[in-house]
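K.L.:
I need the structure of the sequence given here:
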Amino acid sequence: MSHPDGRLNLRPPGTLKGVSSVLGPHGVGASPGEKKSRNKSTRGKRKSIFETYMSKEDVSEGLKRGMLIQGVLRINPKKFHEAFIPSPDGDRDIFIDGVVARNRALNGDLVVVKLLPEEQWKLIKPESNDKDTEAADESDLPEELCGHHLPQQSLKGYNDSPDVIIEAQFDDSDIEDKHNTTQDVLIDGVKNLSVCVPDKGNASSSAPVLKDDSTSMLQDPRTLSEKSLQKSAKVVYILEKKHSRAATGVLKLLADKNSELFRKYALFSPSDHRVPRIYVPLKDCPQDFVTRPKDYANTLFICRIVDWKEDSNFALGQLAKSLGQAGEIEPETEGILTEYGVDFSDFSSDVLECLPQSLPWTIPPEEFSRRRDLRKDCIFTIDPSTARDLDDALSCRPLAEGTFEVGVHIADVSYFIPEGSHLDKVAAERATSVYLVQKVVPMLPRMLCEELCSLNPMTDKLTFSVIWTLTPEGKILEEWFGRTVIRSCTKLSYEHAQSMIESPTETIPEKQLPPISPEHSSEEVHQAVLNLHRIARHLRQQRFVDGALRLDQESLAEGTLQGGRQRPPTMVPPGKVDAGP
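P.N.:
Residues are numbered from 1 along each chain as shown. This is a model prediction of the structure:
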């Protein structure tokens, strides 16, 4: 089926005669007789499920007049029928209840909403239990009741979300005389899923309306405290589609093998329930998918949403690629990166050509005249033993007055990235390196991070430094910022530094330490670490006196739990306040 203009005319598949495909905005819970008579007058017409978006002009005017509100949409991952945007007045977030009210917007989108009348705002009850409204797992529901994801409370007859979408895999033309088990399940489900509709108020008087006490909107708001109501709204426009419109999930066949849709589309079920189900053309699917669907039951695919019509419960999409078996770390990781729009592709030749082509690279002579030369100072790095990109270094030199000259030296990456170059543009798009459990997606090419800019020992490197003159208590007396050249004398691991802190009066055997340049001794490095530790203790204690909050977080690392970045707890925060001498 198609429109004259050629666009796909995706009628909600298998909408049963006499059964509305949407329980919510209109005629919810009407008796079968009423539904059948109403269907006779509307047969052959497409019923819109979602509201048409407002025009840009009306949206702009509404925002200026304060009639509309814009904000970033957040969908609750555990109760995906609930969504929110921040309130402009800084009060409680604005509540958007249900799939229909979200109007095809996805998590992270910048949307424009219109507030509902106050009598339709959500009633907040502090004693309500989150467990009462957790969503049912998709696998626990019959396929015919999974046109969209149904909240578990709805299965119990509660009004947890007024916009419950019911989707049956049938075609109107051949359902009149079919009374199989699937149809009975759907009709029973419709009877049990009758919900009240606060935003329209046009539900049939014969409908068995069931009320959820935890989110009831029917009580007169004048009898309630203002603090017990949460503003509710509906999406009227999407300003910016921040969501990537990509999702990972599995393919399924449509339930009704006799329908026209079955011969054209498969059903893509996203792993993230905040994303709608998606119709996928069979031509995008593996050739033997229709004949051997079970072979792909555990295969992860990436699908991109290309359209979502007002009259279709499901979006229309295209399969991008097959990832592999569900549950395996690499396919799952690639799916996560794709969903969140992380660019993990190899850097192009245009980008790599921005870097020096001959290695090893040496600093041009003219650069020394523009920078402060610190190559003779005792400067060292402290990083995890497995680190390959050493991006910061430390120094600590005692002064005659009992003060210290402390330096922090950061790799000068900007020197290698000309403004407006291909490398600059790619770095701006990536914005940051993405750290996963088993891998890192770098913002910049590895040659830049691990070779040109890495502060490897006994090698001249370009840096940007800040140098303070500090008292032993950490009070700043003087400070200097500028571009520098350094030559790190050694590469310490956290374990090396920790052993120095734990043995302040003992000499660490050289065989237990990494190589140190001949210009400096292990004793000099040891003393610098101890001085930094003493100053850091005072600074850390003062931070907590001033009200700093310490949060313990566990982070995964190759199957084990490590605290923070594996920094030693007595040396560098995060760590408990060290009350020792």
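K.L.:
Show the low-confidence segments of this protein, by residue range.
P.N.:
1-46, 126-227, 555-581 (pLDDT under 70).
K.L.:
pull the longest helix from it.
P.N.:
What stands out as the longest helix in the chain, according to DSSP state H, is helix 522-545.
K.L.:
Next up, the contacts around residue 489.
P.N.:
Shown in contact with residue 489 (CB atoms under 8 Å, 6 or more residues apart in numbering): 378-380, 457-458, 516-517, 519-520, 525. The way it works is simple: take the backbone N, C-alpha and C, and place the C-beta from them, glycine included.
K.L.:
Turn these into JSON lines, including secondary structure.
P.N.:
Below are these laid out as JSON lines (DSSP: H, G, I helix; E, B strand; the rest coil):
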{"residue": "378", "secondary structure": "coil"}
{"residue": "379", "secondary structure": "strand"}
{"residue": "380", "secondary structure": "strand"}
{"residue": "457", "secondary structure": "coil"}
{"residue": "458", "secondary structure": "coil"}
{"residue": "516", "secondary structure": "coil"}
{"residue": "517", "secondary structure": "coil"}
{"residue": "519", "secondary structure": "coil"}
{"residue": "520", "secondary structure": "coil"}
{"residue": "525", "secondary structure": "helix"}
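K.L.:
what sits up against stretch 274-288?
P.N.:
With CB under 8 Å, 6+ apart as the criterion, stretch 274-288 contacts 10, 75, 77, 80, 99, 106-107, 146-148, 167, 247, 249, 251, 261, 263-270, 289-290, 295-296, 303, 305, 308, 312-319, 322.
K.L.:
Need the buried ones from these selected in ChimeraX.
P.N.:
To isolate the buried members of the contacts of stretch 274-288 in ChimeraX, using 16 or more other CB atoms under 10 Å:
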select :10,75,80,99,106,107,146,147,148,167,247,249,251,261,264,265,266,267,268,269,270,289,296,303,305,308,312,313,314,315,316,317,318,319
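K.L.:
Can you show me the strands along the stretch 401-550 of the chain?
P.N.:
Applying DSSP state E, counting those that start in this stretch to the stretch 401-550 of the chain gives strands spanning 404-411, 434-435, 440-441, 460-470, 476-487, 490-493.
K.L.:
possible to save those strands as TSV with distance to residue 282 and mean neighbour count?
P.N.:
Output for these, formatted as TSV (distance: least, CB to CB, whole Å; neighbours: other CB atoms under 10 Å):
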stretch	distance to residue 282	mean neighbour count
strand 404-411	52	20
strand 434-435	34	14
strand 440-441	33	15
strand 460-470	56	19
strand 476-487	60	15
strand 490-493	55	21
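K.L.:
who wins for proximity to residue 88 among these?
P.N.:
strand 434-435 (31.8 Å; CB to CB).
K.L.:
Tell me the neighbouring strands of that closest one, and mark each as parallel or antiparallel.
P.N.:
Strand 434-435 pairs in its sheet with strand 440-441 (antiparallel), by DSSP bridges.
K.L.:
Which elements pack onto the helix or strand following the strand it pairs with?
P.N.:
Next along the chain after strand 440-441, taking DSSP states H and E as the criterion, comes helix 446. Helix 446 makes packing contacts with no helix or strand when contacts are defined by 3 or more CB pairs under 8 Å, 6 or more residues apart in numbering; DSSP states H and E.
K.L.:
Would you agree residue 538 is in contact with residue 532?
P.N.:
No: with contacts counted by CB atoms under 8 Å, residue 538 stays clear of residue 532, the gap being 11.2 Å.
K.L.:
Who has more neighbours out of these two?
P.N.:
Taking other CB atoms under 10 Å, residue 538 and residue 532 do not tie; residue 532 has more neighbours (20 against 15).
K.L.:
what number of residues lie near the closest residue in space to the more buried one that isn't next to it in sequence?
P.N.:
Leaving aside its sequence neighbours, residue 532 sits nearest to residue 396 (CB to CB, 6 or more residues apart in numbering; 4.9 Å). By the criterion of other CB under 10 Å, residue 396 has 23 neighbours.
K.L.:
With the one 4 residues further on instead?
P.N.:
The number of residues packed around residue 400, counting by other CB under 10 Å, is 5.
K.L.:
One more: residue 240?
P.N.:
11.
K.L.:
Next, the contact list for it, please.
P.N.:
Applying CB under 8 Å, 6+ apart, the residues near residue 240 are 109-110.
K.L.:
just use 28 as the starting number from now, easier for me
P.N.:
Happy to do that; since the first residue is 28 now, the last one works out to residue 267.
K.L.:
Give me the phi and psi for it.
P.N.:
According to degrees, to the nearest 10, the main-chain angles of residue 267 amount to phi -150, psi 130.
K.L.:
hmm, back to that, buried set for the longest helix of the chain?
P.N.:
Quick answer for helix 549-572 (16+ other CB under 10 Å): 549, 552-564, 567-568.
K.L.:
same thing with stretch 112-125?
P.N.:
In terms of neighbour count (16+ other CB under 10 Å), stretch 112-125 has its buried residues at 112, 114, 121-125.
K.L.:
Bridging across strands, which residues link to residue 326?
P.N.:
residue 352.
K.L.:
Can you pick out the ones from the contacts of stretch 301-315 that are in helices?
P.N.:
Of the contacts of stretch 301-315, the ones assigned to helices by DSSP H are residue 126.
K.L.:
and the contacts of stretch 301-315, which of them are in strands?
P.N.:
The strands, defined by DSSP state E, take in 102, 274, 276, 278, 292-297, 330, 332, 342-346, 349 from those.
K.L.:
Counting neighbours, what do you get for residue 499?
P.N.:
Neighbours of residue 499 (other CB under 10 Å): 13.
K.L.:
For stretch 447-464, buried residues please.
P.N.:
Buried residues in stretch 447-464 (16+ other CB under 10 Å): 448-450, 453-454, 457, 461.
K.L.:
Let me see the contact set for residue 260.
P.N.:
With contact taken as CB under 8 Å, 6+ apart, residue 260 is in contact with 96, 112, 121-123, 128, 140-143.
K.L.:
Dump those residues into TSV; add secondary structure and distance to residue 476 as well.
P.N.:
Output for those, formatted as TSV (DSSP: H, G, I helix; E, B strand; the rest coil; distance: CB to CB, whole Å):
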residue	secondary structure	distance to residue 476
96	strand	42
112	strand	38
121	strand	42
122	strand	44
123	strand	42
128	helix	45
140	strand	42
141	strand	48
142	strand	48
143	coil	51
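K.L.:
Name the helix or strand for the residue nearest to residue 559, please.
P.N.:
Assigned by DSSP H and E, residue 423 belongs to strand 419-425.
K.L.:
quick one: that strand to helix 549-572, angle?
P.N.:
Counting by axes from the mean of the first three to the mean of the last three CA atoms, to 10 degrees, strand 419-425 points 100 degrees away from the direction of helix 549-572.
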